[in-house]
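Asks: quick one, structure for this:
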Amino acid sequence: MPGNLSIGIVLPSNIKGGPQKVTAIAAVDLARSGHRVSIFVPVLPYYYYSVSLGQGYWFWLRHRLPPYVKDWLHNRKFTFQDLLNEEDVFGRVSVQFVARCASRRQVAACDYLIVHTIAQVAEYQHLFPQERQIYLLQHPEEHVHRHADIFKALRKSFKGEILVSSPFTAREVIDHVSNPPVVPNPISPIFWAQGRAYDFGASRQDMLFFYGAYKGGREGMEIVKALLAVRPRTTLTVWARDSVAELRQALSNVTIVQNVSEKHLCDLYLGHSFLLFPSTYEGFGMPPIEALACGCIPVLHSEVGAAELYARNGENSIYMNGNVMDLAGRIASILDSPQILRAMRVAAPESVQPFDPNGYGQRLLRAAGIL
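Replies: Numbering: from 1, shown residues only. Model (predicted):
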């Protein structure tokens, strides 16, 4: 087994997303194990997708960059700094902001480099030995950016280790990546610690609706409208990651929260009986698992992301079946059945055992053959 290592982790951007969250969790775990971790965060992200793939420099400069630059000027810290601050990492974790990519000099001291995106596979192939890179693949990005031939060729020729976050993602790339190890994403220590102490019978609000315009947002709004029609007293909070203009037009007089911290998000899960997560495509999909850790029952598509690893219809989750009124009636019935709701909450903690944040960084290194 190698001694203490220097691990670099390069992020695609500084938004509140899955790669950013699992990076913070991995960094804390690796630091606890004696390793040093450098997190590289680009201030000017997504150059590869806009410029290298043909949309053009001015498109990137005028249309892609402004919100990221604005965010950087407003809040110059790592988006999941709260997870790093929650833990004693013994000064072994550093966050370095870079322009587009870390330089060859900045990554030279790393023993291994973890990348998250196909753009980073392309950009770092000449900056750091690929044989010492770990590609943590959340989902095939051709679903968003197209260019499947280019992306598949980059994965097929990758000389490092490719790890995937779910069996679903492994199946998505099986035609050009042979049997990649599956290392499920963890929930954060905040959910792991606080969620396990919740009161199974405590009174909660009814529904937390995860809203994203590109993540089943309109379908979710139809379900909410149907639920309010069959059960008008239903209490609702909307957790929005995208613009809420369309949402406000469709649903009046609802509480909307945005840009929430991990602690606030944990409180939201603990304060609601159901999480409506209508996303139709995820490589992993973290919110339903985080919700389960807090006894908040996810309503989701059965085939989305890592659902096969934890969701059991009618036991700890509710599957969306395409019939909005039937689904609304089922949710309303459970909300009015305290014994059923309590039984589902009791079943929830067992579901999250594979997503323990403790040891996550070590699991990555072990799956990559380093430990």
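Asks: for stretch 60-77, which positions count as buried?
Replies: Within stretch 60-77, the residues scored as buried using 16 or more other C-beta atoms under 10 Å are 60, 64-65, 68, 71-72. Yep, even glycine has a C-beta here, placed from its N, CA and C like the rest.
Asks: avg pLDDT for that stretch?
Replies: Stretch 60-77 comes out with an average pLDDT of 91.
Asks: can you give me the end-to-end distance of it?
Replies: Using C-alpha to C-alpha, to the nearest Å, one end of stretch 60-77 lies 23 Å from the other.
Asks: hmm, who's touching that stretch?
Replies: 13-15, 43-47, 49-51, 95, 97 (C-beta atoms under 8 Å, 6 or more residues apart in numbering).
Asks: re the thing from before, restricted to strands, list the buried residues of stretch 60-77.
Replies: Taking DSSP state E, every one of the buried residues of stretch 60-77 sits outside strands.
Asks: make TSV out of these and add distance to Asp326.
Replies: Formatted as TSV, those follow (distance: C-beta to C-beta, whole Å):
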residue	distance to Asp326
Trp60	45
Arg64	41
Leu65	45
Tyr68	42
Asp71	41
Trp72	46
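Asks: closest one to Gly220 out of those residues, please.
Replies: In terms of C-beta to C-beta, no member of the buried residues of stretch 60-77 lies closer to Gly220 than Asp71, at 25.6 Å.
Asks: roughly how far apart are that closest one and Phe78?
Replies: 12 Å (C-beta to C-beta, to the nearest Å).
Asks: shared neighbours of these two, which are they?
Replies: The contact sets of Asp71 and Phe78 overlap at Asn14 (C-beta under 8 Å, 6+ apart).
Asks: Ser33 - nearest residue in space that isn't next to it in sequence?
Replies: The shortest distance from Ser33 to any residue other than its chain neighbours is 6.0 Å, reached at Gln362 (C-beta to C-beta, 6 or more residues apart in numbering).
Asks: is the one you found part of a helix or strand, or is it coil?
Replies: helix (DSSP: H, G, I helix; E, B strand; the rest coil).
Asks: now for it, how many residues are close by?
Replies: Per other C-beta atoms under 10 Å, the neighbour tally for Gln362 reads 17.
Asks: cool, the one 3 residues further on as well?
Replies: A total of 24 residues lie near Leu365 under the criterion other C-beta under 10 Å.
Asks: list the residues that contact the residue nearest to Ser33.
Replies: Applying C-beta under 8 Å, 6+ apart to Gln362 gives the contacts 29-30, 33, 371.
Asks: ok, now with 10 Å
Replies: Contacts for Gln362 (C-beta atoms under 10 Å, 6 or more residues apart in numbering) come out as 26, 29-30, 32-33, 35, 370-371.
Asks: from Ser166, how far out is it?
Replies: In this view, Gln362 and Ser166 are 19 Å apart by C-beta to C-beta.
Asks: ditto for Pro45
Replies: Between Pro45 and Ser166 the distance is 24 Å, computed by C-beta to C-beta.
Asks: do the same with Tyr124
Replies: 24 Å.
Asks: swap in Lys225?
Replies: Counting by C-beta to C-beta - Lys225 and Ser166 are separated by 31 Å.
Asks: more neighbours: which of the two?
Replies: Ranked by neighbour count (other C-beta under 10 Å), Lys225 and Ser166 place Ser166 first, with 25 against 13.
Asks: excluding its backbone neighbours, what's nearest the more buried one?
Replies: Closest to Ser166 by C-beta to C-beta, 6+ apart is Ala306, at 3.9 Å.
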